[in-house]
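Peer 1: quick one: sequence and predicted model below, then my questions.
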Amino acid sequence: MHRASQIFRRRFATQGAQYGQKGREAADKYAKTLQKLPSAMPKEAGQVGTVVGAVVGAVVLYNFLPWAYHMDMVPFVMSPAYYEKVKNVRFDNYDRGFIYMSYDDGNPVYDMPECLKGKMYLKQH
């Protein structure tokens, strides 16, 4: 017997007084329908579904992977645009801090504004 039909029958059996004879008949009819479902689909339909799924997956990957490569989303693979950006990174600012500004215009602020002095605590090691 199908697992879902067992659960359905048990649920109606415990609530049989509430649903009466018509409820039990409906439960039996539903259980018989559930038992017929696995044999209602031909075996070829499962194979066709597998092939269709593989084709759809291949088309999605064919369109997605070039974009993911361009956006540097592929692990351990860097695009040419990544290497171009690395050339512009300045590594000489490690000893200077920067002040967070909500609007970044490309020129970092290194001097602390007067209104913030004395309000920040630095953790000393």
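Peer 2: Great, that's in hand. Just so it is clear, the model here is predicted, and its values are computed rather than measured. Residues are numbered from 1 along each chain as shown.
Peer 1: what's around Ala27, how many residues?
Peer 2: The tally of other residues near Ala27 (other Cβ atoms under 10 Å) stands at 20. Yep, even glycine has a C-beta here, placed from its N, CA and C like the rest.
Peer 1: so how far is Gly49 from it?
Peer 2: Distance, Ala27 to Gly49, using Cβ to Cβ, to the nearest Å: 31 Å.
Peer 1: could you do Asp28 as well?
Peer 2: With distances taken as Cβ to Cβ, Asp28 is found 31 Å from Gly49.
Peer 1: of the two, which one has the most company?
Peer 2: For Asp28 versus Gly49, neighbours defined as other Cβ under 10 Å are more numerous around Asp28 (14 against 11).
Peer 1: next SSE after whatever helix or strand the more buried one lives in?
Peer 2: Asp28 is part of helix 16-40, with elements assigned from DSSP states H and E. Sequence-wise, the next helix or strand beyond helix 16-40 is helix 43-70, with elements assigned using DSSP H and E.
Peer 1: tell me, what's the model's pLDDT at the closest residue to Val74 other than its chain neighbours?
Peer 2: Among residues not flanking Val74 along the chain, Ala68 sits closest, at 5.4 Å (Cβ to Cβ, 6 or more residues apart in numbering). Per-residue confidence (pLDDT) for Ala68: 91.
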